[in-house]
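**Student:** Any chance you could fold what I've pasted below:
(one chain, ligands or ions: 1)
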Amino acid sequence: MPRRPVAARRLRATEDAAHPGAGSDAPAMITVHHLENSRSQRVLWLLEELGLPYRVQRYDRDPRTLRAPPDLLAVHPLGKSPVIADAETVVAETGAIVTHLTARAGGVLVPAPGTEAHARYTYWLHYAEGSAMPPLLLKLIFSRLAPGSPWLLRPLVGRIAERVLQGFVDPDLRRHAAFWESELAGRPYFCGPAFTAADIMMSFPLEAFAARGTGPGPQVEAWLARVQARPAYRRALQTGGPYAYA
Ligand SMILES: N[C@@H](CCC(=O)N[C@@H](CS)C(=O)NCC(=O)O)C(=O)O
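**Tutor:** Below you'll find the predicted structure:
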């Protein structure tokens, strides 16, 4: 939910990357609170596609736990990334940020309301975080369970984790992967012939799946190659710092 920011006070020395308008104090400048190697890469990419002025405040993950640093809690109560500050408004949750930014850009990268492509757009915009990410997160957590356990318990924890992965998580992921293949067969982008912001939303789950899973299918592989070749995607990589999924 948008809320009044405490963030604006914190936008100081650690600002380390900028794009159009860098160094300017113009009120239109959008600040992206960006965690390295994370979903917030999508927001940088979208901003590059839209050509909106922004600056990046970067946060490093804790090298041991890989969690976000506590500094992010000063930006938003959940302490997660992405969060943007646009003038007096702070917006968290990637899908909400995408909606905010595309509206600010006058509806660029959003299909016309009332069309079939728009119905697909709304679906994929919500599906990315609502349906695709939960099994991917479970995969990550259960895969790390045994290696992170005390050595005496490791075999037992490993067996339990394997049961959850094999019995629940992996079959779910296979079903999602088959769904992506069928949806991308015969259309180059998730909403149809045109690239939209829903493709940006879908990039993180598909990149995470390609990195953690047994490999993407041919349609997803071709789609990834297509979207990752976009100049705005490449520019966002320069701006965002470490990103292991490109
Ligand atoms: N559904 C939220 C998820 C936000 C989220 O979990 N962000 C991750 C980045 S991949 C994060 O901040 N993780 C660090 C942590 O939980 O400590 C969104 O799309 O914005």
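
**Student:** what residues does the protein put near the ligand?
**Tutor:** Contact residues, the chain versus the ligand (C-beta under 6 Å from any ligand atom): 35, 38-39, 67-68, 80-82, 93-94, 129. C-betas here are computed from N, CA, C, even on glycine.

**Student:** Show me the helices in this structure, by range?
**Tutor:** For the chain, helices defined by DSSP state H occupy the ranges 41-50, 94-104, 116-127, 133-145, 154-164, 170-184, 197-212, 218-228, 231-240.

**Student:** In CSV, list these along with mean neighbour count and mean pLDDT.
**Tutor:** As requested, the helices of the chain are exported to CSV (neighbours: other C-beta atoms under 10 Å; pLDDT from 0 to 100):
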stretch, mean neighbour count, mean pLDDT
helix 41-50, 25, 98
helix 94-104, 19, 98
helix 116-127, 18, 98
helix 133-145, 16, 95
helix 154-164, 14, 96
helix 170-184, 16, 97
helix 197-212, 22, 95
helix 218-228, 16, 97
helix 231-240, 17, 97
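
**Student:** Kindly reformat those helices as CSV and extend each row with distance to Asp86.
**Tutor:** Output for the helices of the chain, formatted as CSV (distance: least, C-beta to C-beta, whole Å):
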stretch, distance to Asp86
helix 41-50, 11
helix 94-104, 7
helix 116-127, 19
helix 133-145, 24
helix 154-164, 40
helix 170-184, 32
helix 197-212, 16
helix 218-228, 25
helix 231-240, 17
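
**Student:** which residues touch Ala68?
**Tutor:** 35, 59, 61-62, 79-81 (C-beta atoms under 8 Å, 6 or more residues apart in numbering).

**Student:** From Asp62, how far off is it?
**Tutor:** 8 Å (C-beta to C-beta, to the nearest Å).

**Student:** related to what we said a few turns ago, most neighbours of all the contacts of Ala68, which one?
**Tutor:** Scoring the contacts of Ala68 on neighbours with other C-beta atoms under 10 Å, the highest-scoring entry is Ser81 at 27 neighbours.

**Student:** my read: that one touches Asn37, true?
**Tutor:** No - at 10.2 Å, Ser81 does not count as touching Asn37 under the criterion of C-beta atoms under 8 Å.

**Student:** Pick out the residue nearest the middle of the chain.
**Tutor:** Arg39 (2.6 Å; C-alpha atoms, centre = their mean).

**Student:** Look up phi and psi at that residue.
**Tutor:** Per-residue torsions, Arg39: phi -50, psi -20 (degrees, to the nearest 10).

**Student:** Identify the residue spatially nearest to it, adjacent ones excluded.
**Tutor:** The shortest distance from Arg39 to any non-neighbouring residue, by C-beta to C-beta, 6 or more residues apart in numbering, is to Phe204 (4.9 Å).

**Student:** For the one you found, list the residues it contacts.
**Tutor:** Phe204 sits in contact with 39, 41-42, 94, 128, 133, 245, where contact means C-beta under 8 Å, 6+ apart.
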